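S.K.: What follows is a predicted protein model with its sequence.
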Amino acid sequence: MTEIDPRRLLDRLPILEGVPPAARDLLAAAARQVRHDAGATIFRRGDPGEGMLVVLDGLVRLHLASAAGRELTLGLAGPGEPVGEIALIDGGPRSADATALTPVRALMFRHADAAAIIATDATVAGALLRTLAGRLRRTTDQTESVGLRTLQARLATALLQLSKADPSGLVRLPQGQIAALVAATRPKVNAVLADFRARGLVEPARAGLRLLDPEALRALGEA
C-alpha cells in the first residue's frame with residue numbers, strides 16, 4: 001500500500017478537530033505509519049506504553065483476558081479512532097490487550113515525541129482529553145451492552161462493525177472470535193446466526209458471511 005502524507009491524514013481525523021494547522025504540522029512530523037496483519041497482537045496488557053495509535057484502515061479489538069482464558073471485549077476501534085491513548089499522555093504500561101481483527105494500517109504517535117507538543121499546545125491537550133472522554137463513554141457503553149442487551153442485539157451490532165471494516169463488506173472473522181467479541185459461547189452465537197440466516201438477514205459466502213439486510217440488523221442492534 002502506498003504511503004500517504006501523515007499531514008493529509010491528520011486533517012481527516014475527527015479527534016483533531018479544532019487543532020490549528022501549526023500544531024498538526026508538529027504532530028505529523030512526530031507520526032509514523034505502522035501496519036499489522038489480521039490476527040496480530042498489537043500490544044498486551046502490561047507492555048510498555050510506547051504511545052497512541054490512530055487507526056487509518058481496519059479494525060482493532062481492545063480486550064482483557066483472565067488466567068483461565070476468559071475474555072472481555074472493551075471495544076472496537078475503526079478508521080479515525082485512537083488505540084492506547086492513555087499511554088500518549090502518561091507513558092505508562094498498557095491497560096488492555098489490542099488485537100488486529102483485520103489488516104490494520106495506523107499512525108503511531110510516540111509518547112516521547114508528543115510530550116513536548118502536549119505540554120506547549122493547549123489545543124492538542126484538549127483534543128486528547130476529548131479522546132479520553134470518548135473512550136470512557138465507549139467502554140461504559142460496552143459494559144452496558146454485555147450486561148443489559150440481548151445476544152441478538154450484540155451480535156447484530158458486531159456483524160455490522162465487522163462488515164464495515166472489510167473492503168468486500170464480508171464478515172471474515174471465525175465464529176469463535178465473534179463469540180468472544182459479544183461475550184457469549186460459540187454454540188449460542190451459532191444458534192443466533194442460524195436464526196439470522198433463516199430470516200434472510202445473512203448468508204454464508206465463500207470467504208465469510210454476507211449481510212443481506214443491514215438495515216434490519218441495525219434495527220435489531222438498536223432494540
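M.R.: Nice, I can see it. Residues are numbered from 1 along each chain as shown.

S.K.: And Ala112, its phi and psi?
M.R.: When quoted as degrees, to the nearest 10, the phi and psi of Ala112 stand at phi -60, psi -40.

S.K.: Against Arg186, how distant is it?
M.R.: According to CB to CB, to the nearest Å, Ala112 stands 42 Å off from Arg186. Quick note: C-beta positions are derived from backbone N, CA and C, even for glycine.

S.K.: which of those two has more neighbours?
M.R.: Set Ala112 next to Arg186 and count neighbours by other CB atoms under 10 Å: Arg186 wins out with 14 against 10.

S.K.: need the contact list for that one.
M.R.: Residues near Arg186 by CB atoms under 8 Å, 6 or more residues apart in numbering: Gln175, Gly176, Ala179.

S.K.: Just the ones in helices from those residues, please.
M.R.: Secondary structure from DSSP state H places Gln175, Gly176, Ala179 of those in helices.

S.K.: which one of the residues you listed sits closest to Ala77?
M.R.: Distance to Ala77 across these (CB to CB) is lowest for Ala179, with 19.9 Å.

S.K.: what about the closest one, how many residues close to it?
M.R.: Residues lying near Ala179 (other CB under 10 Å) number 21.

S.K.: Check what pLDDT it gets.
M.R.: Per-residue pLDDT puts Ala179 at 88.

S.K.: one step back: mind giving me TSV with the ones in helices among the contacts of Arg186 and columns for distance to Ala77?
M.R.: TSV is the format used below for these (distance: CB to CB, whole Å):
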residue	distance to Ala77
Gln175	22
Gly176	21
Ala179	20
